[in-house]
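Engineer: Generate a structure from the sequence data that follows.
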Amino acid sequence: MNSARLSNLARLRRGAAPLALALGLIASPAAAQDAQGPQSGGATQDQSVQTTDPATAQDATDQGQGEEIVVTGSLLRRDHSETALPITVITNESLALAGITNTADAVRQAAADGAGSIGVGFTSGFSAGGSAVSLRNLGVSSTLLLVNGLRSANYPLSDDGHNSYADLTSIPQVNVERIEVLKDGASSLYGADAIGGVVNIITRRQYNGIEAGAEAGVTQKGDGEKYRLRLLAGIGDYASQGWNFYIGGEYEKNGKITANSRGFPFNTLDLRPIGGVDNNRADDTLTTPTPNAVVTRVRQTDLNNPLAGSVANATTPALFVSLTPLANCPFGTFSENTSARVGTACAHDLTREYVQILPPQERYAGVARLSYRVSDAIEGYLEGSYSHNKVDITLLPRGIRQNQAFGGSPSTSTSNPGIVLPVYICSSGVNCATAADRQLNPNNPFAAAFANDPANGAARIYYSFGDVKAGSVRINELYRITGGLRGSIADTWDWRLDVGYSRDNLDLTQTGFANLNGLVKAINTGSYNFRDPSQNSQAVRDSVLPPITSLSHSSEFTVDGSVSRPLFELPGGPLQLAVSGQYRKEKLTNRSANPNLDVPGLSTAQAYGNRDVWAAFFEVNAPILDMLEVTASGRYDHYSEGFSHFSPKATFKFQPIRQLSIRGSYSEGFRAPTFAESNPLSSFSGFVGFNPGNIPAFRAAHAANAGYYANYSIGRGYVGNPDIEPETAKSYALGAIFEPTRWFTFTADYFHVKKSNLIVTGPLSGAAIDAYYSVSGQTFASAAAASAAGCAALATVAPGYSCNVIDGADPSALNALPRLLVLNAPYVNANYDIVSGLQFTAAANVPITQGLRLRSRLDLQETLKFNRHLDSGQVQRFTGTVGPADLSSGGGTPKWRGNWQNTLDFGKFMLTATTYYVGKMKGVATDQGNLDTSCAATLYKDASGGNSFCKIRRFVYADVNATYDVNEDFSFYLMVNNITNAHAPLYANVLYTTQPNYLASWHIPGLVGRSFRAGATFKF
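Structural biologist: Next up, the predicted model:
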């Protein structure tokens, strides 16, 4: 648990309103409950825990208010709040003082959130729009999210195509009492996916009265406006009437922040002014697609098919013509005059024009809860919530030239040789060269000159659709309903039964993708105006780039029950036993947005699944001596897919004196394969660059066609593997709690995790590609025979590897090996991770004078080691670097991360400063082909080829909040976020250029800059 020692808290009277006993963004090391009615411990406890700092806890003890409590990570009640578990508790009051208004931001402030963390600023990921936490750097699919101890349905889209998580942005905050972050393996009680830790969001159990709040804010730049309203109202005195009912709602709207509004260097890929290189190709390379089209003349081998343009250009060098009159270029022009290309076109910096740092977002939610006393020994509850989260994402405009879809045909690819505009158009769009109503194509500047030779007058076009927003609108709706009963029998047996159902519906509408059939028809009929796209009607745009909507959903149904009782007395207290059982039904339907494979460039990712999980688990707590307590727990999970797993755990706490406690734990756990990883109906693909020209035999075979051996994108398609096994983990932790005075506590914990049997995607893909091209030098009767030989060689690499899409034959070498466009690669279990670190917390409650008190909270984590051990024996080291770059948003692994909150309490006036720290890193990533972690391996080289951009400086910023309580029913506050206007560190991001020169996981506040908010809270 967190480090501070907490004294016992008294059980509050039935119906008493929740009372905040502690303050601090990172609150006390443990949590106590306001036990209203019969209580029982449980993995799905429904308690309203009161967080407490050491001084306040001691005050409670001094008043003789000892009582039994339950903490997250345990099934049992006990008469003290200290266990051997490192728990960070974030109270509702702490969140208010820190100015945090949504659950996602609240959880992601915890120092234990590390590599793989997902924020809403990462807009180009597979699951953009969602948000999740990655405890101890083990990934979002290894961190379990609970609400009142029950699981919530996962976000229907998987991060990185296969990592599942529950979306934090969909959890309402209006009735949150506190958030407990258990930073230890917890599969022994919670089952799969808890090897990184557990986030348990606890809602209010009861509320009587009316509480409302309103807030508005804006950044110093005048954008990123923020509005928030909330209301919670409850009736019923539980103590006297035996029931309480409350209902609440919240609304929040956040405005967008663009990259261009934040200026250099976060609005461009051209870093020449500070010694970097120019990676903006839209102002110096004629073949870069932009919203102002350029064309060059090529041969069209099939006059009825715009995809039948030749690879070779008609002239050497290729002559390019801008379809936009150069005088109308919105940002000026540029020219190329080389042996390869000659021409002038409109200049662009697409990052400056389109990239958003934060997208506009709108959230609203409603909650309701009924608590009722069934009898003197039994109480029950029924709780429900609904949330609606809309994110409007804008991305760079999409080029007319795109890759074929995974599983598609090379004939549908528009990337090679590309799209051409014919000489003739006609009303039907069919056989226009000979149609009676044919006319010269106004989009083709070569049409008039080649009216009598249309095969040689086609214009290959380089263009991106700037007249239609490229991006998506994601509407996520989460429904939750839970209910339960709990009670006691003869004051000896405690029992509980909880039932929960949640469903997450995602409406994903993507725009800016060209439907191939619509595009071909628009080109052949001339209906789409490439010269001046602003003149296109909405009907024409919809025919070429229709909005593409896909509906996906997931659900989770849980029945969970337990019984517990003390067995007999030991020298340190009663030995307690709890036995529990659980049943879960999990479902996922994530439909492909491109089921017909007719939208080049659009992901075909899909995932399906339906499984049952049965579990039985136990916990035994043995206070062997007054100073020594030992706890053992274990859980057996069985999945309907055919695998089972037993997860044990043991902990101890040794307290030789009041001022010192030693604690430790050992646990084993597992991560179940996600539906994307295990179901054969699931699949996703990704494309990466490959240069076949580096293969001498292939280059020689296609010597007459340089375009065929040029660099291109090769796809990897991954299909769910029903034989995949769960990931497993073994972890141990050792720490100490120091309490030199009753008003100060400090904790230090060491943790070590070995995560084995990692589920990875196609680790031998590189070898498979090499195997395919290994037959390049052989002689074949046809391209089909050549590709068959290449595919046979590829399949020998390992089971699950095969060819998916092969390119058409090279017209200049009909018997040579064609290019491999997409290969199938399997999910397999391989490799293992070693993660270790130190966690520190401190809590102080210092009475300076009779009317002045200082309260302070510190939460800090140092990652000592994050190493991935490959099957080859090589080791990828990530700590202090931007690796693993392939994980989620590529945020990297800062060695240090922490926050420190200090509050001066003057009675009615409180002044709070919350400071956040992210340690320095290097711009290297050992999962990108180089195991070196020195600056020699910097991913971004400066203008001289050096490593001056290697170091990413530390990032420190502070938020300040001033609150004044006018009376018990009314208070108002003023807040300045990032009060010093600290700027985000520069990171020349070559892997995720949608995050231009910053890391979205850690540095967003430095891009938003200083902002101002004001609000008020009312109680009636």
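
Engineer: going forward, measure contacts and count neighbours with C-alpha atoms only.
Structural biologist: Noted.

Engineer: which SS class is residue 459?
Structural biologist: At residue 459 the chain is in strand, as set by DSSP: H, G, I helix; E, B strand; the rest coil.

Engineer: Quick check: bridge partners of the spatially most central residue of the chain?
Structural biologist: The centre of the chain sits closest to residue 118, judged by Cα atoms, centre = their mean, with a distance of 2.8 Å. Applying DSSP bridges to residue 118 yields these beta-bridge partners: residue 132.

Engineer: Quick check: it touching residue 127?
Structural biologist: No. Assessed by Cα atoms under 8 Å, residue 118 is found out of contact with residue 127, at 9.2 Å.

Engineer: and the residue lying closest to residue 692 once chain neighbours are set aside, how many neighbours?
Structural biologist: Using Cα to Cα, 6 or more residues apart in numbering and skipping the chain neighbours, the partner closest in space to residue 692 is residue 709 (5.3 Å). Counted by other Cα atoms under 10 Å, the residues lying close to residue 709 total 22.

Engineer: can you tell me how far residue 709 sits from residue 388?
Structural biologist: Noted for residue 709: a distance of 49 Å to residue 388, by Cα to Cα, to the nearest Å.

Engineer: Likewise for residue 932?
Structural biologist: Counting by Cα to Cα - residue 932 and residue 388 are separated by 45 Å.

Engineer: Mind checking which of those two has more residues around it?
Structural biologist: Neighbour count, other Cα under 10 Å: between residue 932 and residue 388, residue 388 has more, with 21 against 15.

Engineer: where does that one land on pLDDT?
Structural biologist: Note on residue 388: pLDDT of 97.

Engineer: tell me which residues in the strand or helix carrying it are buried?
Structural biologist: Using DSSP states H and E, residue 388 maps to strand 378-394. Under the neighbour-count criterion of 16 or more other Cα atoms under 10 Å, strand 378-394 has 378-394 buried.

Engineer: what's downstream of it, the next helix or strand?
Structural biologist: Once the chain leaves strand 378-394, the next helix or strand it forms, by DSSP H and E, is strand 420-421.

Engineer: And that following strand, how far out from the chain middle?
Structural biologist: Relative to the centre of its chain, strand 420-421 is centred 40 Å away, using Cα atoms, centre = their mean, to the nearest Å.

Engineer: name the helices or strands packed onto the following helix or strand past that strand?
Structural biologist: Where DSSP H and E defines the elements, the next helix or strand beyond strand 420-421 is strand 424-425. In terms of contacts (3 or more Cα pairs under 8 Å, 6 or more residues apart in numbering; DSSP states H and E), strand 424-425 is packed against strand 439-440, helix 516-525.

Engineer: Can you tell me which of the ones you listed is most buried?
Structural biologist: Across those, averaging neighbours per residue (mean count of other Cα atoms under 10 Å) puts helix 516-525 on top, at a mean of 21.

Engineer: mind putting the helices and strands packed on strand 424-425 in CSV, mean pLDDT and distance to residue 257 included?
Structural biologist: Below are the helices and strands packed on strand 424-425 laid out as CSV (pLDDT from 0 to 100; distance: least, Cα to Cα, whole Å):
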stretch, mean pLDDT, distance to residue 257
strand 439-440, 98, 45
helix 516-525, 97, 33
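
Engineer: Can I get the ones you listed in TSV including distance to residue 876?
Structural biologist: Formatted as TSV, the helices and strands packed on strand 424-425 follow (distance: least, Cα to Cα, whole Å):
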stretch	distance to residue 876
strand 439-440	59
helix 516-525	42
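
Engineer: so what's the closest residue to residue 672 other than its chain neighbours up against?
Structural biologist: Computed as Cα to Cα, 6+ apart, the closest residue to residue 672 that is not its neighbour in sequence is residue 726, at 4.8 Å. Neighbouring residues of residue 726 by Cα atoms under 8 Å, 6 or more residues apart in numbering: 670, 671, 672, 673, 757, 759.

Engineer: Same check on residue 890?
Structural biologist: 116, 882, 883, 884, 991, 992, 999.

Engineer: From the residues you listed, which one has the minimum pLDDT?
Structural biologist: Ranking the contacts of residue 890 by pLDDT, residue 116 lands last with 78.

Engineer: what about that one, which SS state?
Structural biologist: At residue 116 the chain is in coil, as set by three-state DSSP.

Engineer: wait, it sits on residue 894?
Structural biologist: No. At 11.3 Å, residue 116 does not count as touching residue 894 under the criterion of Cα under 8 Å.

Engineer: quick one: low-confidence parts of the protein?
Structural biologist: Scanning the chain for pLDDT under 70 picks out the ranges 1-70, 78-83, 888-889.

Engineer: Could I get the full set of helices for it?
Structural biologist: Listed in chain order, the helices of the chain (DSSP state H) span 54-62, 92-98, 103-108, 187-190, 238-241, 350-354, 516-525, 538-544, 675-678, 696-701, 765-773, 783-795, 1004-1008.

Engineer: Out of these, which is closest to residue 320?
Structural biologist: Closest of these to residue 320 is helix 516-525, at 19.2 Å (criterion: Cα to Cα).

Engineer: ok, and what's touching that closest one?
Structural biologist: With contact meaning Cα under 8 Å, 6+ apart, helix 516-525 is reached by 304-306, 412, 421-422, 424-430, 432, 528, 540, 543-545, 598-600.

Engineer: ok, of those, which come out buried?
Structural biologist: The neighbour count (16+ other Cα under 10 Å) marks 304-306, 412, 421-422, 424-427, 429-430, 432, 528, 540, 543-545, 598-600 as buried among those.

Engineer: Can you tell me how far the residue nearest to residue 570 when sequence neighbours are not counted is from residue 575?
Structural biologist: Spatial nearest neighbour of residue 570, excluding adjacent residues (Cα to Cα, 6+ apart): residue 624 at 5.9 Å. Distance of residue 624 to residue 575, given as Cα to Cα: 8 Å.

Engineer: again with residue 105
Structural biologist: 40 Å.

Engineer: ok, residue 788 - how many residues close by?
Structural biologist: Residues lying near residue 788 (other Cα under 10 Å) number 16.

Engineer: cool, residue 852 as well?
Structural biologist: By other Cα under 10 Å, 14 other residues sit near residue 852.

Engineer: same deal with residue 907?
Structural biologist: 12.

Engineer: just to revisit the earlier point, residues touching the residue nearest to residue 570, list them.
Structural biologist: 570, 571, 572, 573, 630.

Engineer: which residues does the fourth one bridge with?
Structural biologist: When you say that, I think you mean residue 573. Beta bridges link residue 573 to residue 570, judged by DSSP bridges.

Engineer: gap between it and residue 567?
Structural biologist: Residue 573 is 10 Å from residue 567, by Cα to Cα.

Engineer: and those two? which has more neighbours close in?
Structural biologist: Legend: neighbour count by other Cα under 10 Å for residue 573 and residue 567, higher for residue 573 (18 against 12).

Engineer: So residue 795 sits against residue 802, correct?
Structural biologist: Yes. Counting by Cα under 8 Å, residue 795 touches residue 802, with 5.1 Å between them.

Engineer: okay, the two: which has more neighbours?
Structural biologist: The residue with more neighbours, out of residue 795 and residue 802, is residue 802; 24 against 20, by other Cα under 10 Å.

Engineer: mind checking how far the more buried one is from residue 782?
Structural biologist: 20 Å.

Engineer: and what of residue 903?
Structural biologist: Distance from residue 903 to residue 782, by Cα to Cα: 77 Å.

Engineer: Residue 928 too?
Structural biologist: Separation of residue 928 from residue 782 (Cα to Cα): 37 Å.

Engineer: and what of residue 440?
Structural biologist: Counting by Cα to Cα, the gap from residue 440 to residue 782 is 38 Å.

Engineer: Before I go, just wanted to say thanks for your time.
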